[in-house]
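Visitor: need a structure here:
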Amino acid sequence: TIYFIVLIFYQLMILTNYIYFNIFGVFFSFNNIGLANEAQDYFKMIFNYIDLPLVFALLFSIFCGILACYFMPKDKTKEDKILNFVLASFSIICYFIAGIFLGEAADLNAWDTWTNKRNIYNTFSDTRKSLQTAGFYEYIARDFYFSKIATLFVDNEKDIAYLDDYFKTYNESKVEMADVASDDLKGIFKGKNAVIILMESIDDWMVNKEMMPNLTKIMADSINFTNHYAPIYGGGATFNSEFMLNTGYMTPLNGETASNKYGRNYFPFSLPNLFIADGYDANAYHQNVSSFYNRGQMSKVFGYKNYYSSTELGVPYNIAVNDTHFLTSEKIRKLLLPKDNRFMSFIITFSAHVPYSLDDIQCNSAATKDEINAIRNGGNGEEICLKAQVRETDNFFKELVETLEKENMMEDTVIIGLSDHYAYGYSNRDKILELKGTDDNNLINRLPFFIYSSDGPKLEVSKVNSNLDVLPTIAYLFGLDYDPKYYLGQNIFDPSYDGFVFFVDYSWYDGKVYYKNNEVVIGDDVDHEYIINRNKQLNTIIDINKKVLESNYFKTLLNN
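Guide: Numbers count the residues shown, from 1 in each chain. So this is what the prediction gives:
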């Protein structure tokens, strides 16, 4: 009985990890259990990743299991018990001997910590390197320990003391540089309303006159960040970006679900709290219910006054899945664009969310009659649905601009748009790589980011940046009172910031150098000292992020 329970469990884990890795590029962790209710949106999509090698491996495993059961001794003899004891003892000895070959751990402040097998094994934060180091069986068991057991015995006092010292000794010259950075842009949007749109699955190759003519026009007249990256770190790709944009911190690299774990954390320097401190109303909007991603609670953690779910406000679901409903629904529109006070409205779109199938409501409600007929007559349903759903998001921007102009609010409002993640739900991955001009699984995370104001600057910013840099950049442009030292990213317009983005596998890119798997993939004649300093920078960011979140550090400051 135990044998078959273990066998079936690990077969399910193989199946889960194989599909999960093909979709997200990282392995499954028990930290992701909190996202189980999201799986229904991906259910049809996962069949695209069940291929012949996977089926063969599972069938072969089942066959071996049946064979083992057939040959399993039926009589409980003394010899069997002795043999079992010998085999079990031998396995345990081998297990501990294998651990010796991991070597000694590197210093936690060393630049190459994450390349050290012992450090990888001890921290178990990078799912890919952890599985490579420990093997599949050990990875599953150890991941369960770190996800569900070790968290019960965490002592944060040392981390709090370390953070106290870190923030006290923060480079003051960097703070001064940030305060005087590009005075011609500092506070240019002071006092204006802000509409921040986190665009579901809108990739850079979609922003063209054919697929998204309205967004293309807006971005052409914006501050356009052409080298913006939105890597997926923790569990839940959309919430991963949502968390970073609002807090300035990142979801854990081990795939943990920040929406469930940090529902009691305190972020006084979050983006909505900065706007509220400057006299704004700040509210969040999405079509989905408040329990999804724990947004009802997390929006309060971020600092928003309200989380408005269109579905919970009575908008029929077949209408709420269309992004334009935020403006065509009078009830939602009045909340979203109030006239009696300055406001910051954070919107998460939904129309372009997977799946791209006529059987699902997103495509069914967005596609035209001709497109529906084309699919039924044998056309490429996924491609037609993708374009229809993306067009619906584009129409939202058209409605937004027209509504602001009609209400005489355009001059007083800034539109900020970002994508949550690349279009990983589109199954033609080869086409995605071709359209994005790269075959690297990290660099495909380059996505749109723009800031539009009718009387604002038209500017192209080519400096590499990531979602961690968005919060301090917006705070700088809106003249909000923020302290740069309390963020992992930097104001993109800060002269001391030379561009940097890192990915879940600890690789990084700065526009000139791409460092991955302990080697320079892009870049010529790169100084070794430069690599070391960049790796130290990355190591510090990850370390500070973990300590701040795990210790709920800012709540400690409040209590003190």
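Visitor: check what pLDDT the residue positioned nearest the centre of the chain gets.
Guide: What sits nearest the mean C-alpha location of the chain, by C-alpha atoms, centre = their mean, is residue 240, with 2.9 Å. We have a pLDDT of 91 for residue 240.
Visitor: next secondary structure after the host helix or strand of residue 15?
Guide: Assigned by DSSP states H and E, residue 15 falls within helix 2-24. Note on helix 2-24: by DSSP H and E, the next helix or strand toward the C-terminus is helix 52-71.
Visitor: how about that following helix: buried residues?
Guide: Residues of helix 52-71 classed as buried: 58, 65 (neighbour count, 16 or more other C-beta atoms under 10 Å). C-beta: built from backbone N, CA, C; applies to glycine.
Visitor: for stretch 426-439, same thing?
Guide: For stretch 426-439, the neighbour count (16+ other C-beta under 10 Å) marks 426-427, 432, 435-436 as buried.
Visitor: just those: which are in strands?
Guide: If you go by DSSP state E, these have nothing in strands.
Visitor: now the angle from the helix holding residue 15 to helix 52-71?
Guide: 170 degrees (axes from the mean of the first three to the mean of the last three C-alpha atoms, to 10 degrees).
Visitor: packing partners for helix 2-24?
Guide: Applying 3 or more C-beta pairs under 8 Å, 6 or more residues apart in numbering; DSSP states H and E, one finds that helix 2-24 contacts helix 52-71, helix 136-144.
Visitor: circling back: ramachandran angles for the residue nearest to the centre of the chain?
Guide: phi -50, psi -50 (degrees, to the nearest 10).
Visitor: my read is that it contacts residue 445, right?
Guide: No: assessed by C-beta atoms under 8 Å, residue 240 is found out of contact with residue 445, at 11.0 Å.
Visitor: okay, and the common contacts of these two?
Guide: Counting by C-beta atoms under 8 Å, 6 or more residues apart in numbering, the common neighbours of residue 240 and residue 445 are 232, 421.
Visitor: can you list phi and psi of residue 492 for me?
Guide: Torsion angles, degrees, to the nearest 10, at residue 492: phi -60, psi -30.
Visitor: quickly note the distance from it to residue 116.
Guide: 33 Å (C-beta to C-beta, to the nearest Å).
Visitor: how about residue 414, secondary structure?
Guide: strand (DSSP: H, G, I helix; E, B strand; the rest coil).
Visitor: bridging residues for it?
Guide: residue 194 (DSSP bridges).
Visitor: tell me where this structure has strands.
Guide: Secondary structure of the chain (DSSP E): strands at 193-199, 223-225, 228-229, 281-286, 306-309, 343-348, 413-419, 449-452, 459-461, 465-466, 501-502, 508-509, 514-516, 519-522.
Visitor: residue 60 is nearest to which of those?
Guide: strand 514-516 (33.4 Å; C-beta to C-beta).
Visitor: which strands or helices does that closest one pack on?
Guide: Counting by 3+ C-beta pairs under 8 Å, 6+ apart, strand 514-516 packs on strand 508-509, strand 519-522, helix 528-551.
Visitor: please identify the most buried of the ones you listed.
Guide: Of the helices and strands packed on strand 514-516, the one with the most neighbours on average (mean count of other C-beta atoms under 10 Å) is strand 508-509, at a mean of 24.
Visitor: what packs against that strand?
Guide: strand 501-502, strand 514-516, helix 528-551.
Visitor: what sits up against that strand?
Guide: 229, 442-443, 464, 500-503, 514-515, 522, 534-535, 538.
Visitor: before we move on, what about stretch 288-299?
Guide: Contact with stretch 288-299 is made by 34, 37-38, 236, 238-239, 242-243, 259-260, 262-263, 284, 286, 306-307, 309, 311-312, 350, as judged by C-beta under 8 Å, 6+ apart.
Visitor: many thanks, we can stop here.
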